[in-house]
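> requesting a structural model of the entry that follows:
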Amino acid sequence: RRDMIARGVASAFRDIERKGVIRSLDILLLNPAVAPDLKKKLANLLAPVNLQQLSVPSKQTFLSSEAVLTECSTKAVENPAKRAS
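Presented below is the predicted three-dimensional model:
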């Protein structure tokens, strides 16, 4: 049962990445606000089933993801009328 839940959660994370909700799951693994032990658990959860080594995300990937988030939040602040509608 626990294994089924873990597969479902991992599948959900991969789906939000695949559908473009977030560009990469790296932002979860590199975010300084996420506790190190949680990062390890996420990395294990999101690791491929065939146990290939999880690629280590680059700092550039994190910076580009952070830039996209900043851009999105800036647009929401600059256009409060659109946000309210």
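> switch to C-alpha atoms for all contacts and neighbour counts from now on
OK.
> and the gap between D37 and S11?
Counting by C-alpha to C-alpha, to the nearest Å, the gap from D37 to S11 is 21 Å.
> swap that for R23, please
Taking C-alpha to C-alpha, one finds R23 at 16 Å from S11.
> higher neighbour count, D37 and S11?
The residue with more neighbours, out of D37 and S11, is S11; 14 against 9, by other C-alpha atoms under 10 Å.
> any idea which element the more buried one lies in?
Assigned by DSSP states H and E, S11 belongs to helix 2-18.
> where does the protein dip in pLDDT?
Scanning the chain for pLDDT under 70 picks out 48-85.
> so where do the helices sit in it?
For the chain, the helices defined by DSSP state H occupy 2-18, 26-30, 36-46, 59-78, 80-84.
> hey, C-alpha coordinates of the second one in PDB?
Listed next in PDB are the C-alpha coordinates belonging to helix 26-30 (Å, rounded to 0.1, in the frame of the first residue of the first chain):
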ATOM      1  CA  ASP A  26      14.900  20.800  -9.800                       C
ATOM      2  CA  ILE A  27      13.400  23.800  -8.100                       C
ATOM      3  CA  LEU A  28      12.100  21.500  -5.300                       C
ATOM      4  CA  LEU A  29      15.500  19.800  -5.000                       C
ATOM      5  CA  LEU A  30      17.600  23.000  -5.000                       C
END
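> determine the set of other helices and strands touching it.
Packing partners of helix 26-30 (3 or more C-alpha pairs under 8 Å, 6 or more residues apart in numbering; DSSP states H and E): helix 36-46, helix 59-78.
> ok, the third one next?
Helix 36-46 sits against helix 2-18, helix 26-30, with contacts defined as 3+ C-alpha pairs under 8 Å, 6+ apart.
> of all those helices, which one comes closest to L45?
Closest to L45 of the helices and strands packed on helix 36-46 is helix 2-18 (C-alpha to C-alpha; 6.1 Å).
> quick one: buried residues of that closest one?
Of the residues in helix 2-18, 10, 13-14 count as buried by neighbour count, 16 or more other C-alpha atoms under 10 Å.
> repeat for stretch 26-43
For stretch 26-43, burial by neighbour count (16+ other C-alpha under 10 Å) applies to 26-27, 29-30, 39, 42-43.
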